[in-house]
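> here is a sequence together with a model predicted from it:
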Amino acid sequence: MSWQRDGDVWISPETGARWVPTIGLEVHAQLSTKTKLFCGCEVSFGAPPNTRTCPVCTGQPGALPVLNAGVLDLAVRAAIALGAEVARETHFDRKNYFYCDLPKNFQTSQYDHPFCSGGGVKLSSGTFIRLNRIHMEEDAGKTMHTDAGSLVDLNRTGVPLIESVTEADLSSPEDAYEYLTRFREVLQFAGVSTADMEKGELRCDVNVSVRPEGEEGLRTKVEVKNLNSFRHVQASLEHEIPRQVAAYEAEGEGAVVQETRLYDPEREETRTMRVKEGESDYRYFPCPDLPKLHLSEALIEEQRALLPELPEARRARYQAELGLSEYDAGVLTGSRDTADYFEEAAERSGDAKAAANWVSNELLRALGAGELEAGSLRELSLRPSDLSLVIEKAASGELHSKGARELVRECLRTGAGVDETIQALGLDEVIDDSELEGWCREALEANPRVREEVLAGKDKALGACIGPVMKASGGKADPKRITEVLKGLIEGGS
Ligand SMILES: [Zn+2]
């Protein structure tokens with residue numbers, strides 16, 4: 001049975017009743033440090049199992065944690081980027097539970113004094129999604145269940161994370177998706193996390209409840225855990241919301257219990273994982289091995305100074321100051337790498353629109369099509385300075401648009417420099433004037449109206465002859481020179 005939606009309201013196909021979901025998100029993001037939170041072990045994705053461990057992160061008796069100062073720097077920068085209030089005093093707590101991939105039997109996390117609170121993310125609709133808090137914590141290890149038994153890899157144990165918790169401000173699966181996109185963007189631009197979901201650097205839990213439209217207060221919320229893609233977050237909500245509504249309609253209030261569910265993308269359903277623990281089950285207490293942290297004004301200001309302009313501000317500036325469309329501004333802020341590349345090319349060439357076109361139509365297209373060895377703009381041998389050279393040559397008429405495109409594609413393919421490639425492609429060959437004149441005569445003969453129009457003062461009509469001459473020259477003639485020759489022939493009466 002299909003569900004009708006009216007904005008954020010879900011209309012039951014059974015009863016026609018109107019239901020509203022309330023959604024909150026918890027996102028774990030891995031901070032981009034070289035080493036773990038409390039030891040010197042390297043953070044390395046894909047390393048052989050249990051090769052990035054030491055007595056500290058495997059919880060050996062007597063081993064003591066030492067805070068990685070780099071973690072604090074990045075966490076504070078993330079907080080500032082998200083507009084949160086950084087606490088001046090904070091500490092770590094132990095969250096106690098037993099699992100085979102948690103050798104200490106507690107996770108070092110933060111409970112009642114997280115390092116920051118507040119802040120949030122604005123959606124394109126203007127809705128502001130408030131953050132309740134962000135805290136630092138260490139990751140647990142990874143358990144793989146195989147036919148031969150369960151295997152534990154402790155390489156991830158102790159990897160630094162920030163966990164952010166929103167208020168229940170979201171009201172649709174689409175908003176949840178957009179929130180995550182914007183949130184990730186901020187972390188990436190701020191340089192605090194690469195937030196690569198395929199490497200498990202960003203993981204998401206969803207809290208969702210439903211209630212009849214107009215009902216005061218919230219009903220029981222259900223948590224859907226360990227979602228590792230934004231699509232899965234959206235899809236899990238699209239299944240969980242109707243499931244809860246159907247349960248209430250079939251069994252009345254009390255039909256939905258507070259629990260943790262897992263989303264199964266293959267069967268497109270959520271199912272019970274465990275009935276949720278309360279906070280008291282974890283018996284949090286301040287970690288006696290780690291001193292209280294005092295966050296100085298100097299540290300906070302230092303991180304604030306390191307923050308680049310964030311994506312939302314860049315999009316606004318690209319439209320207001322550079323005259324780009326909303327769409328182009330969105331494409332160019334798809335990653336910090338893209339935005340920085342574009343800005344450098346725009347600044348050097350003085351032509352933002354041309355730079356925007358080259359970056360989105362040629363460079364991003366080629367990267368997206370997998371035509372290049374490079375995986376990102378940063379890895380391209382064609383640097384923004386090279387691109388600006390191409391833009392300048394095209395603007396001066398030294399290169400025509402087709403030649404310029406050919407040049408850029410060849411540079412991308414071979415990794416060779418711009419000038420070198422111009423020579424290799426023969427784009428610098430000088431066309432003999434008598435040869436050019438011959439082509440121009442042919443073009444004028446084929447388009448007799450051009451002569452009349454130009455004599456009547458409409459120079460624009462010359463355009464019809466430039467293409468054919470260009471073609472005849474194999475793309476090497478200079479359009480400016482063609483124009484001069486054509487005008488000379490017409491005005492000379494020949
Ligand atoms: Zn270690």
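That came in fine, so what should we check first?
> average pLDDT for stretch 340-356?
Mean pLDDT, computed over stretch 340-356, is 96.
> give me the contact list for it.
Outside of stretch 340-356, the residues within contact range by Cβ atoms under 8 Å, 6 or more residues apart in numbering are 318, 322-324, 328, 332, 358-359, 363, 377-378, 384-385, 387-388, 391-392, 394-395. Backbone N, C-alpha and C define where each C-beta goes, glycine included.
> residue 224 belongs to a strand, doesn't it?
Yes - membership of residue 224 in a strand is supported by DSSP: H, G, I helix; E, B strand; the rest coil.
> that one touches residue 203, doesn't it?
No - applying Cβ atoms under 8 Å as the test, residue 224 and residue 203 come out as separate, 12.0 Å apart.
> who has more neighbours, the two?
Neighbours per residue (other Cβ atoms under 10 Å) separate residue 224 from residue 203, with residue 224 holding more: 24 against 19.
> dihedrals phi and psi, residue 207?
phi -110, psi 130 (degrees, to the nearest 10).
> the ion versus the closest residue to it other than its chain neighbours, what's the distance?
Nearest residue to residue 207, sequence neighbours excluded (Cβ to Cβ, 6 or more residues apart in numbering): residue 24, at 4.3 Å. Residue 24 sits 33 Å away from the ion, going by Cβ to the ion, to the nearest Å.
> and the stretch 1-150 of the chain, which residues reach the ion?
For the stretch 1-150 of the chain, the contact set with the ion under Cβ under 5 Å from the ion comprises 39, 41, 54, 56, 57.
> can you do 6 Å?
Residues of the stretch 1-150 of the chain lying near the ion by Cβ under 6 Å from the ion: 36, 39, 41, 53, 54, 56, 57.
> put the buried members of those residues into a PyMOL selection.
Paste this into PyMOL to select the buried members of those, with burial taken from 16 or more other Cβ atoms under 10 Å:
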select buried, resi 36+39+41+53+56+57
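> in strands, which of the residues of the stretch 1-150 of the chain next to the ion fall?
In strands, judged by DSSP state E, none of these are found.
> can you tell me which of the residues of the stretch 1-150 of the chain next to the ion is nearest residue 491?
Residue 491 lies nearest to residue 36 out of these, by Cβ to Cβ, at 77.4 Å.
> which ones are touching the closest one?
Taking Cβ under 8 Å, 6+ apart, we find residue 36 in contact with 42, 43, 57, 68, 138, 157, 158, 159, 160.
> poorly predicted segments of this protein, please.
Residue ranges of the chain with pLDDT under 70: 1, 276-277, 430, 494.
> residues in contact with the nearest residue to residue 186 once chain neighbours are set aside?
In this structure, residue 186 finds its nearest non-sequential neighbour in residue 81, 5.1 Å apart by Cβ to Cβ, 6+ apart. Residues near residue 81 by Cβ under 8 Å, 6+ apart: 186, 187, 189, 190, 192, 307, 310.
> break this protein down into its structural domains.
What automatic domain parsing lists as the domains of the chain is 4-297, 309-424, 433-491.
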